[in-house]
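Engineer: Only the shape, not the letters, is given here:
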């Protein structure tokens, strides 16, 4: 396990776009807290969409929609529905990662973020680290050496 704050410190040293990629890497590590294959597929799909958005292949509002859409579906709903603390941490790590990536996407496009992303700040990766610390088998060496 890293020393407290080392993931957040690494993220703070990076420009926003690279920080978003690091956050998405953290979200991928968070998948280790999910056991159901359908849950893993849903979370991975949201992370993949966020990566495509950073590559200029999808709009930020589509990524934000994966957090929670008008039909009350999405990552945040899954987090609220689970009673398992590890799964909750996993969903929150994915949500933190894609919310930060969406914020970067909105900024890059010169657009105002939607309500789920409007409060996300540059230090959002610190909360991602907090969630990841609650998940067994996170590969901190990959995350901390991957920047």
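Structural biologist: Thanks, I have it. Computed from a prediction, not measured in an experiment: that's the story for all the values here.

Engineer: now the helices for the protein?
Structural biologist: For the chain, applying DSSP state H gives helices covering 6-12, 16-30, 37-54, 60-67, 75-81, 85-109, 124-132, 140-145.

Engineer: Average pLDDT for stretch 69-86, rounded please.
Structural biologist: Mean pLDDT, stretch 69-86: 90.

Engineer: Please state the offset of it from the chain centre?
Structural biologist: With CA atoms, centre = their mean, to the nearest Å as the basis, stretch 69-86 stands 14 Å off its chain's centre.

Engineer: Identify the residues contacting that stretch?
Structural biologist: Stretch 69-86 is contacted from outside by 33, 39, 42-43, 46, 65-68, 87-88, 91-92, 94-95, 98, 116, 134-136, using CB atoms under 8 Å, 6 or more residues apart in numbering. Just so you know, the C-beta spots here come from the backbone N, C-alpha and C atoms, and that holds for glycine as well.

Engineer: Repeat the analysis, applying 6 Å as the threshold.
Structural biologist: Contacts to stretch 69-86, defined as CB atoms under 6 Å, 6 or more residues apart in numbering, come from residues 33, 46, 66-68, 88, 91-92, 94-95, 135.

Engineer: of all those residues, which two lie farthest apart?
Structural biologist: Farthest apart among those by CB to CB are 68 and 135. That separation is 21.7 Å.

Engineer: Grab the nearest non-local neighbour of the residue sitting nearest the centre point of the chain.
Structural biologist: Per CA atoms, centre = their mean, the C-alpha nearest to the average position across the chain is that of residue 97, at 1.4 Å. Distances taken as CB to CB, 6 or more residues apart in numbering put residue 27 closest to residue 97, at 3.1 Å, once the chain neighbours are dropped.
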